[in-house]
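> Attaching a predicted model along with its sequence, questions to come.
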Amino acid sequence: MRKASDHIPPKEASRRNRGFEPAAKLVMAQIKSPAERRGFAEARLITQWREIMGPEIADIARPIKLSYGRDGFGATLVLLTSGAHAPILEMRKEDIRTKVNAAYGYNAVSKISLTQTAGQSLARDFIAPRSRPELPQEAIEIVNAKAKAAAAHITDEGLRDALERLAQRVIRKQTS
């Protein structure tokens, strides 16, 4: 039996009782710390990059760092892009700066700097690939059979597998 002095604190509202929450709010805690290490006081620029820039720029560039100068007047936004897209972004720097500052609500960024990637591996981590139409299952089987036939004469198993994957990509690219 409970005494009046035994106080049980009320249970904190569970997530179920709070109702629906925006997805961005659910992942904000995981994104905030890495974003702050790269100079982004607000992770919003990273999480809402596509909405801020639009698909034309968001598909070819990603914000990777925001650095503040010693004098404290404006920051430099560093964008990651592939070498082929750098000239396009170079011409659009002022548009990008204007959109970013509009998202912040004040002139937070005074300069845009571009970092070009040389290889596809780094670009693949940051730059969204363009969507390609999916092939039907029968076409995929034909592509796989052609790739296997192209690499059948290779005796080294690892090399043969790598060449099969390469052949699959080449054949798919030719068919799409």
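That came in fine, so what should we check first?
> give the contact list for Asp95.
Neighbouring residues of Asp95 by Cβ atoms under 8 Å, 6 or more residues apart in numbering: Ile57. Quick note: C-beta positions are derived from backbone N, CA and C, even for glycine.
> How confident was the prediction at it?
Per-residue pLDDT puts Asp95 at 94.
> And the next helix or strand past the helix or strand hosting it?
Under the criterion of DSSP states H and E, Asp95 resides in helix 93-104. Later in the chain than helix 93-104, the nearest helix or strand by DSSP H and E is strand 109-117.
> Report the residue ranges of every domain in this protein.
If you go by automatic domain parsing, the domain ranges for the chain are 22-126, 137-175.
> Low-confidence bits of the protein, can you list those?
1-43, 71-72, 118-133, 175-176 (pLDDT under 70).
> could you redo the last one with a cut-off of 90?
For the chain, the stretches flagged by pLDDT under 90 are 1-50, 55, 58-78, 82-86, 100-110, 115-176.
> ranges for the strands of it?
61-68, 75-82, 109-117 (DSSP state E).
> Pick the most deeply packed of these.
Across those, the average number of neighbours (mean count of other Cβ atoms under 10 Å) peaks for strand 75-82, which reaches a mean of 20.
> Show me what stretch 145-155 is in contact with.
By Cβ under 8 Å, 6+ apart, the list of residues contacting stretch 145-155 from outside reads 160, 163-165, 167-168, 171.
> Tell me if I'm right that Lys93 and Ile112 touch.
Yes: under the criterion of Cβ atoms under 8 Å, Lys93 makes contact with Ile112 at 4.4 Å.
> if we look at the longest helix seen in the chain, which residues are touching it?
Ordering each helix of the chain by length in residues (DSSP state H) puts helix 157-175 first. With contacts defined as Cβ under 8 Å, 6+ apart, helix 157-175 is touched by 135, 139, 143-144, 146-148, 150-152, 154.
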